[in-house]
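Trainee: Below is the sequence, then the predicted model.
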Amino acid sequence: MIEAHDLELIYSDGTVAVKPFDIKVGAGELVYITGASGSGKTSLLKLLIGSEYPTGGTLNILGEEIKRGNTKSINKMRHKIGPIFQEFRLIKGKTAMDNVKLGMRFIGMTPSQIEEEAQSVLIKVGLKEKLNIKVDYLSWGECQRVAIARAVARKPALILADEPTGNLDRDNAIKMLELLASFRTQDTAVIMTTHATHLIEGHAHATYIHMNRGSVNIERQGKSH
Ligand SMILES: Nc1ncnc2c1ncn2[C@@H]1O[C@H](COP(=O)(O)OP(=O)(O)OP(=O)(O)O)[C@@H](O)[C@H]1O
């Protein structure tokens with residue numbers, strides 16, 4: 001799914017956000033990217049979403065070579081991933097259902113399949129009562145769930161979430177981590193950044209990417225699936 005060799009990201013002002021490292025992520029893996037504030041977690045995730053380009057090394061995601069200028073490959077890759085951004089990027093004035101359905105436009109389902117799938121995923125994330133409410137009237141936590149539903153309804157091969165526990169109290173953070181981990185299947189890998197190391201430590205069958213000032217240390221616990 002992901003294969004990186006000597007992958008590096010240095011921003012144009014010279015900040016070394018990700019120091020060269022190698023990794024392979026296979027189908028069905030659950031990967032946590034952890035580290036202190038400013039250690040490079042979001043920068044690494046941006047490389048994996050194709051919103052930053054490697055300044056060194058190679059990166060292949062879902063069979064596409066990710067490098068500056070490879071627009072076609074990057075667009076192809078983006079169609080196969082489900083990103084969940086910190087700021088959600090929902091469309092205001094549209095309902096939860098509409099937001100999820102808009103994310104499913106290009107995946108070759110019939111309108112009735114789209115309707116059915118969008119509804120089923122929104123129910124799975126706990127929004128059965130809010131399907132037809134405009135996102136403008138939903139709470140922060142509910143908007144987060146709409147964003148998750150929109151990402152997973154496309155049936156992506158890779159789900160990538162940036163700091164999904166950020167604004168949540170301990171109990172809700174645990175539930176959110178469990179919800180995201182539940183989308184891992186034999187064909188789908190789930191990757192997320194998180195500050196909440198105390199909540200994920202010891203999770204069997206997970207890969208941990210520990211970041212420290214751009215240095216990357218990878219630890220695998222148990223089998224990946
Ligand atoms: N666009 C940018 N240009 C230059 N430097 C940047 C840019 N974005 C981030 N940085 C710097 O790169 C380093 C890593 O930042 P990054 O946002 O990846 O860290 P993080 O671990 O995700 O932090 P946080 O947990 O606070 O979100 C930091 O020193 C940050 O200031």
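Mentor: Perfect, thanks for sending it.
Trainee: For this structure, which segments count as strands?
Mentor: Remark: strands of the chain, listed N- to C-terminal, are 2-10, 16-25, 30-35, 56-61, 64-65, 81-84, 158-161, 189-194, 206-212, 215-221; assignment by DSSP state E.
Trainee: got a list of what residue 211 touches?
Mentor: Residues in contact with residue 211 (C-beta atoms under 8 Å, 6 or more residues apart in numbering) are 18, 33-35, 39-41, 44, 217. Heads up, the C-betas are built off the backbone N, CA and C, glycines and all.
Trainee: rerun at 7 Å
Mentor: 33-35, 39-41, 44 (C-beta atoms under 7 Å, 6 or more residues apart in numbering).
Trainee: Relative to the ligand, how far out is it?
Mentor: Shown here: residue 211 relative to the ligand, a distance of 6 Å by C-beta to the nearest ligand atom, to the nearest Å.
Trainee: Beta-bridge partners for that residue, please?
Mentor: residue 35, residue 216 (DSSP bridges).
Trainee: now swap in residue 83 and tell me
Mentor: Applying DSSP bridges to residue 83 yields these beta-bridge partners: residue 160.
Trainee: Surely it and residue 160 touch.
Mentor: Yes - Residue 83 is within contact range of residue 160, at 4.9 Å (criterion: C-beta atoms under 7 Å).
Trainee: joint contacts of the two?
Mentor: Among the neighbours of residue 83, those also in contact with residue 160 (C-beta under 7 Å, 6+ apart) are residue 49.
Trainee: what about residue 55, distance to the ligand?
Mentor: In this structure, residue 55 and the ligand are separated by 12 Å, where distance is defined by C-beta to the nearest ligand atom.
Trainee: Pull up the gap between that residue and residue 16, please.
Mentor: Between residue 55 and residue 16 the distance is 9 Å, computed by C-beta to C-beta, to the nearest Å.
Trainee: again, but for residue 152
Mentor: Relative to residue 16, residue 152 is positioned 33 Å away (C-beta to C-beta).
Trainee: These two: which is more packed in?
Mentor: Here residue 152 and residue 16 are set side by side on neighbour count (other C-beta atoms under 10 Å), and the busier one is residue 152, at 24 against 16.
Trainee: Could you report the neighbour count for the closest residue to residue 62 other than its chain neighbours?
Mentor: Nearest in space to residue 62, with sequence neighbours left out and distances taken as C-beta to C-beta, 6 or more residues apart in numbering, is residue 80 at 5.0 Å. Other residues within reach of residue 80 by the criterion other C-beta under 10 Å amount to 17.
Trainee: ok, back up a step: any of the contacts of residue 211 buried? List them.
Mentor: Buried by 16 or more other C-beta atoms under 10 Å: 33-35, 39-41, 44, out of the contacts of residue 211.
Trainee: The least confident helix or strand in the chain by mean pLDDT vs the ligand: in contact?
Mentor: For the chain, using mean pLDDT, DSSP states H and E, the weakest element among its helices and strands is helix 197-200, scoring a mean of 78. No - on the criterion C-beta under 6 Å from any ligand atom, helix 197-200 is out of touch with the ligand, staying 11.6 Å away.
Trainee: What is that helix packed up against?
Mentor: Judged by 3 or more C-beta pairs under 7 Å, 6 or more residues apart in numbering; DSSP states H and E, helix 197-200 is in contact with helix 170-181.
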